[in-house]
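> Based on what follows, work out the 3D shape:
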Amino acid sequence: MNKAIPAYAVSFAIFLAAAWAGVSIGSVDIPLRALWGEGDEIAVNILWNIRLPRVLLAGLVGAALAIAGAAFQGLFQNPLADPYTLGISSGASVGAVMTLFFGISIPVLGLYTLPIFSMAGAALTMFLVMGFARLVDRGMKMETLILTGIIFGSFLGSVLSLMIALTGDELRQIIGWLLGSVSMRGWPYVRMVWPFILVGAVLLYLNRRELNALLFGEERAHHLGVDVARRKMMILIGGSVLTGAAVAVSGTIGFVGLVVPHLTRLMWGTDHRHLLPLSFLNGASLLIICDLIARTVISPSELPVGVITAFIGAPVFAYVFWRQRRKGGAAHA
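This next block holds a predicted model:
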């Protein structure tokens, strides 16, 4: 617990600094007093109607992807697992793009049609990946899962390409969405996504002790009294809800679920009682900072935030993979 206090203090301080940088820095600098509606009316309007919802949405998406990645890494006992590498993000993307492509809107769901279809795509892909991996390898080694995720991700990528090729007027909207962005979303998207992210995060946090037990292997966790099958299902559903909700409002943003949990684990340890909430905070901070870079580095134009996270995440993924293989080689030696 002594180690947890500075971990939360540092993570929360970074989050506050990132959030304030996100709302204050841009083509128009926003002073602190604008938070209370004081000062220039234009600055106040920019803060409350553009910057603040954008920063909140970036924070929610980053937090969702990071905590889902932390849970998947604990469940599969491998730091290479995350919604992106397992193909879940691609499944969520197909669900969301199908909604846009066919103009699906279910009256009962209304605004929530998009995240519901995105979550359904994420969940279906997760179970298909696991089912196929189990068919190929009863032991479901992590290498098998990742390769299966790549196979399904490639196939789903071709489905997305087909829909883009057949798209008419919505082409720019879909391509911009696929590259990953939180630009021009506004308060409706924040209101749409936060209930799902709250439910998914709570569901994962309720399984924090079970994730700790699963670090010792499924058989040992079973002997410790964990209902392994039920808990795995709950973790997979929670991760799919988070991934689907995030992808529905921001598009495909890779590597956040890989980088944040890995670095958080290196700095503050593997206890999921703290790893999950710390990853949630740090994921929010990372995506807010990446979005700030995306909209200022080539101002007045913007880069998709998914491009920035890929620049950061790809080298980290390569390093983690190299470290895993080296560790495995040393163990065999």
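> make it CA atoms for all contacts and neighbour counts henceforth
Fine.
> Number of residues surrounding the nearest residue to A122 once chain neighbours are set aside?
Excluding its sequence neighbours, the residue lying closest to A122 (CA to CA, 6 or more residues apart in numbering) is A92, at 4.3 Å. The number of residues packed near A92 is 35, by other CA atoms under 10 Å.
> Tell me the pLDDT of R51.
pLDDT, R51: 92.
> List the contacts of stretch 36-44.
Applying CA atoms under 8 Å, 6 or more residues apart in numbering, the contact partners of stretch 36-44 are 28-31, 33-35.
> picking up where we left off before, on the pLDDT front, check the residue nearest to A122 for me.
90.
> returning to what we had before: buried subset of the contacts of stretch 36-44?
Burial of the contacts of stretch 36-44 was assessed by neighbour count (16 or more other CA atoms under 10 Å); the buried members are 30-31, 34.
> Which secondary structure element of the chain has the lowest mean pLDDT?
helix 171-178 (a mean of 69; mean pLDDT, DSSP states H and E).
> Can I get the contacts of stretch 36-44 in TSV including pLDDT and secondary structure?
Listed next are the contacts of stretch 36-44 as TSV, based on pLDDT from 0 to 100; DSSP: H, G, I helix; E, B strand; the rest coil:
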residue	pLDDT	secondary structure
V28	83	coil
D29	83	coil
I30	86	coil
P31	82	coil
R33	79	helix
A34	79	helix
L35	76	helix
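> All the helices of this protein, in order from the start?
4-24, 41-46, 52-76, 88-102, 113-136, 142-166, 171-178, 187-205, 208-214, 218-223, 228-250, 256-268, 272-296, 305-332 (DSSP state H).
> right, so these: which one is the most enclosed?
Comparing the helices of the chain by mean neighbour count (mean count of other CA atoms under 10 Å), helix 52-76 comes out on top with a mean of 28.
> so where's the stretch 101-250 of the chain uncertain?
139-142, 168-173, 176-177 (pLDDT under 70).
> ok, now with 50
Applying pLDDT under 50 to the stretch 101-250 of the chain flags no residue at all.
> Can you verify my assumption that S279 contacts G62?
No - counting by CA atoms under 8 Å, S279 stays clear of G62, with 9.3 Å between them.
> ok, H274 touching A4?
Yes - with contacts counted by CA under 8 Å, H274 reaches A4, the gap being 7.0 Å.
> Now distance to R208 too, for the contacts of stretch 36-44, in TSV please.
Output for the contacts of stretch 36-44, formatted as TSV (distance: CA to CA, whole Å):
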residue	distance to R208
V28	42
D29	41
I30	39
P31	40
R33	40
A34	39
L35	36
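> tell me which of the residues you listed is nearest to V307?
Nearest to V307 among the contacts of stretch 36-44, counting by CA to CA, is V28 at 23.7 Å.
> For the closest one, which residues are in contact?
Taking CA under 8 Å, 6+ apart, one finds A43 in contact with V28.
> same question, G91
Counting by CA under 8 Å, 6+ apart, G91 makes contact with 118, 121-125, 153, 156.
> got it, and F12?
Applying CA under 8 Å, 6+ apart to F12 gives the contacts L281.
> What pLDDT is listed against it?
In this model, F12 carries a pLDDT of 96.
> And the one 3 residues further on, by the same measure?
At F15 the predicted local distance difference test score is 97.
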